[in-house]
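> next one to model:
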Amino acid sequence: CIGIGTMVLGFLMFSRLNVQMLPNSTRDMFAIELELAEGSSLERTSEVCDSLQRMLLKEDRIKAVSAFIGEPAPRFHITYNPGMPATNVAQLIVKTESANATEDLLPYIDDKYDHYFCDAYVRVRQMDYQATAHPIEINVLGNDVQEMIGIAEQIRDYMLTLEGSELRNVKCIADKVHARVRITPKREECARLGISASAISLGLLSNNISLPITSIKEKDREVPVNLYVDTNRNGDSYDELANLRVATTLTGKTVPLSQVADITPNWTRATVQRNGGKKCVSIYSDMMFGKSQIESSAKIKKFIKNNIDLPSGISIKYGGLDSMNQDTIPSIVGSFIAAVLVLLFFLLIYFKKASIAFLTLYSTTLCFFGAFFGEWAFKFEFGMTSVLGVVSLMSIIMRNGIILYEYAEELRCNCGHPAKEAAMMAGSRRMRPIFLTSATTALGVVPMIISKSSLWTPMGVVICSGVLFSFVIVLSVMPVMYWLVFENKESK
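Sure, this is the predicted structure:
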């Protein structure tokens, strides 16, 4: 009863844990991403970036700040995706004095500079092992963009109610609007001057960007030669666009663009993305530092299920860490099962008896309660290294079972002792080696726990707490299990 109760409690304790395969990284650096409105000049981006860099360097716990304006930073962390170059983006890599200083600075910097610049979006990113751009991502898929945007805005509005307590930086791709100019040719005027729509397009192209002409070779390097038009303009303002010169084919002279075309300002939404061949409107968010993605994601899924009726042809697909976990967990579970089968194979070879091999394998479940209780007590999420810890712990318990059952088998089969007597004698005789191996194992992983590494501390906690909790249970339950199994065989 104690063994079965311990196993059931272990699985109940596991159900209370959050499963997150890959944790955040504890490093003495973090990243800040700046994004201005599309079309912002590189000079304005540089001004915002330089201002933020100077303010960050005034912090005592920040040692250095590297800025990358208009271009992505180098991949200094294996799972960090710097992004694409653009005139309206910049990245700051902040070096702190320690990993603990990083943990303290992250919420402080995020709260201080979240809305500091009126024309810039500031995103503070902690380094992690999760190969996702955002921990929470909901994709609305379909063909009717307007219906998709309506559903996405409902989800975004609910997520905004969680912003500040659980979520931060809640955004919807449909919120991004781009400044555009609609140019409509005047047909009669264009026909009179002999100007076509393609001529207007070519004039706009030649006045705003360079045109490739040829290339020259300098030793082994090919250098492109482009044509630039020097119009002595200070910028691409709305008025200056109307004064751009367009060449005519009849007179050979140029006329202002406003003479041959109507120019009207226009605002359009961001380009609709595609996911799996379908149009996609995404809502995404970061987590408040120290908050669990699993709990917030469950709330969002519950809201969508209870409050949103999806029209025909529209579906919702979850990305971010949900998608990553769905891809990772099956392979980890498969590897875990394979490890158990390998252990069973070696037990069958060693004992040459299926009954005692399965009994030893079953005894490994006695460690689950201690392992999962330690994760829960330390408030860790159950991740990839925790799985490694459970496999290692099962191997330790299995080794203890081999030590115990091997001696019990020798007493019962070779010395003629009854099953009950052989089990009790084996338990008392093997108590010392089992205690010594368990104690040295628990002490051996203490440095992993003290290191407070987000990657390896959960593994140390699983092994240490699992060994300590299962020691008494193993020595009291395993002999009784052996006695019950082989007493029935003797009576038969």
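
> pull the distance from the helix or strand where Ile283 lies to the chain's centre.
Here Ile283 sits within strand 278-287, counting by DSSP states H and E. Chain-centre distance of strand 278-287: 14 Å, with Cα atoms, centre = their mean, to the nearest Å.

> may I have it as CSV, with CA atoms only?
Output of strand 278-287 as CSV, limited to C-alpha atoms (Å, rounded to 0.1, in the frame of the first residue of the first chain):
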residue,chain,number,x,y,z
LYS,A,278,-2.7,30.6,-45.4
LYS,A,279,-3.0,34.2,-44.6
CYS,A,280,-2.1,34.9,-41.0
VAL,A,281,-2.7,37.6,-38.4
SER,A,282,-0.5,37.1,-35.3
ILE,A,283,-0.8,38.3,-31.7
TYR,A,284,2.3,37.9,-29.6
SER,A,285,3.6,38.9,-26.2
ASP,A,286,6.5,38.6,-23.8
MET,A,287,6.2,37.3,-20.3
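
> list the helices and strands the next helix or strand after it packs on?
Sequence order places helix 293-307 as the next helix or strand after strand 278-287, per DSSP H and E. Applying 3 or more Cβ pairs under 8 Å, 6 or more residues apart in numbering; DSSP states H and E, one finds that helix 293-307 contacts strand 136-142, helix 145-161, strand 315-319, helix 320-351. For glycine as for every other residue, the C-beta is placed from the backbone atoms N, C-alpha and C.

> mean pLDDT lowest for which of those?
Of all these, mean pLDDT reaches its minimum on helix 320-351 (a mean of 82).

> next, the angle helix 320-351 makes with the next helix or strand after that helix.
With elements assigned by DSSP H and E, the helix or strand that comes after helix 320-351 is helix 354-363. Going by axes from the mean of the first three to the mean of the last three Cα atoms, to 10 degrees, helix 354-363 is angled at 150 degrees with respect to helix 320-351.

> so what touches the next helix or strand after helix 354-363?
Next along the chain after helix 354-363, taking DSSP H and E as the criterion, comes helix 368-377. Residues outside helix 368-377 that contact it (Cβ atoms under 8 Å, 6 or more residues apart in numbering) are 6-7, 9-11, 13-14, 16-17, 381-382, 386, 389-390, 393, 458, 461-470.

> elements contacting the helix or strand that helix 368-377 is followed by?
Using DSSP H and E, the helix or strand that follows helix 368-377 towards the C-terminus is helix 384-409. Contact partners of helix 384-409 among helices and strands, from 3+ Cβ pairs under 8 Å, 6+ apart: helix 320-351, helix 354-363, helix 368-377, helix 419-429, helix 431-444, helix 457-491.

> quick one, what contacts the nearest residue to Gln293 once chain neighbours are set aside?
Take Gln293 and drop its neighbours on the chain: the residue closest to it by Cβ to Cβ, 6 or more residues apart in numbering is Pro135, 4.7 Å away. Taking Cβ under 8 Å, 6+ apart as the criterion, Pro135 is in contact with 285-287, 293, 320-321.

> save those as TSV, and put in neighbour count and distance to Trp376 too.
Below are the contacts of Pro135 laid out as TSV (neighbours: other Cβ atoms under 10 Å; distance: Cβ to Cβ, whole Å):
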residue	neighbour count	distance to Trp376
Ser285	27	26
Asp286	23	26
Met287	22	20
Gln293	24	18
Gly320	23	24
Leu321	24	20
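
> just send these back as a markdown table, with distance to Met424 too.
Formatted as a markdown table, these follow (distance: Cβ to Cβ, whole Å):
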| residue | distance to Met424 |
| --- | --- |
| Ser285 | 59 |
| Asp286 | 58 |
| Met287 | 53 |
| Gln293 | 50 |
| Gly320 | 55 |
| Leu321 | 50 |
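
> looking at these, which one is closest to Ser165?
Nearest to Ser165 out of these is Met287 (Cβ to Cβ; 10.9 Å).

> just the pLDDT for the closest one.
85.

> per-residue pLDDT, the spatially most central residue of the chain?
In the chain, the residue lying closest to the centroid (Cα atoms, centre = their mean) is Gln130, at 3.4 Å. You'll see Gln130 listed with a pLDDT of 73.

> that one in helix, strand or coil?
With DSSP: H, G, I helix; E, B strand; the rest coil as the basis, Gln130 sits in coil.

> how about low-confidence regions in the stretch 351-492 of the chain?
Counting by pLDDT under 70, the stretch 351-492 of the chain contains low-confidence ranges at 488-492.

> actually the stretch 201-350 of the chain, not the one I wrote
Counting by pLDDT under 70, the ranges of the stretch 201-350 of the chain that qualify are 206-211, 228-238, 250-252, 269-272.

> for the stretch 151-300 of the chain, what spans make up the strands?
167-172, 177-185, 211-218, 221-227, 245-247, 254-256, 261-269, 273-275, 278-287 (DSSP state E, counting those that start in this stretch).

> any idea how far the fifth one is from the chain center?
Relative to the chain's own centre, strand 245-247 is displaced by 51 Å; criterion: Cα atoms, centre = their mean.

> counting contacts, what elements does it pack onto?
Packing partners of strand 245-247 (3+ Cβ pairs under 8 Å, 6+ apart): helix 197-208, strand 254-256, helix 257-260.

> out of these, which is closest to Ala67?
Between Ala67 and these, the tightest spacing by Cβ to Cβ is seen for helix 197-208, at 27.5 Å.

> how many other residues sit next to Asp322?
Asp322 has 21 neighbours, counted by other Cβ atoms under 10 Å.

> again but with Val446, I slipped
Around Val446 sit 11 other residues, with neighbours defined as other Cβ under 10 Å.

> the residue lying closest to Ile183 once chain neighbours are set aside - how many residues pack around it?
Distance criterion Cβ to Cβ, 6+ apart; nearest residue to Ile183, sequence neighbours excluded, is Ala261 at 5.0 Å. Ala261: 22 surrounding residues under other Cβ under 10 Å.

> Ala261 is in contact with Arg187, isn't it?
No: if you go by Cβ atoms under 8 Å, Ala261 and Arg187 don't touch, sitting 10.2 Å apart.

> quick revisit: buried deepest among the helices and strands packed on helix 384-409, which one?
Mean neighbours per residue, mean count of other Cβ atoms under 10 Å, is largest over those for helix 368-377, with a mean of 22.

> quick one: that helix to helix 384-409, angle?
If you take the same axes, to 10 degrees, helix 368-377 sits at 150 degrees to helix 384-409.

> helix 368-377 to helix 457-491, inter-axis angle?
Angle, helix 368-377 to helix 457-491, by the same axes, to 10 degrees: 160 degrees.
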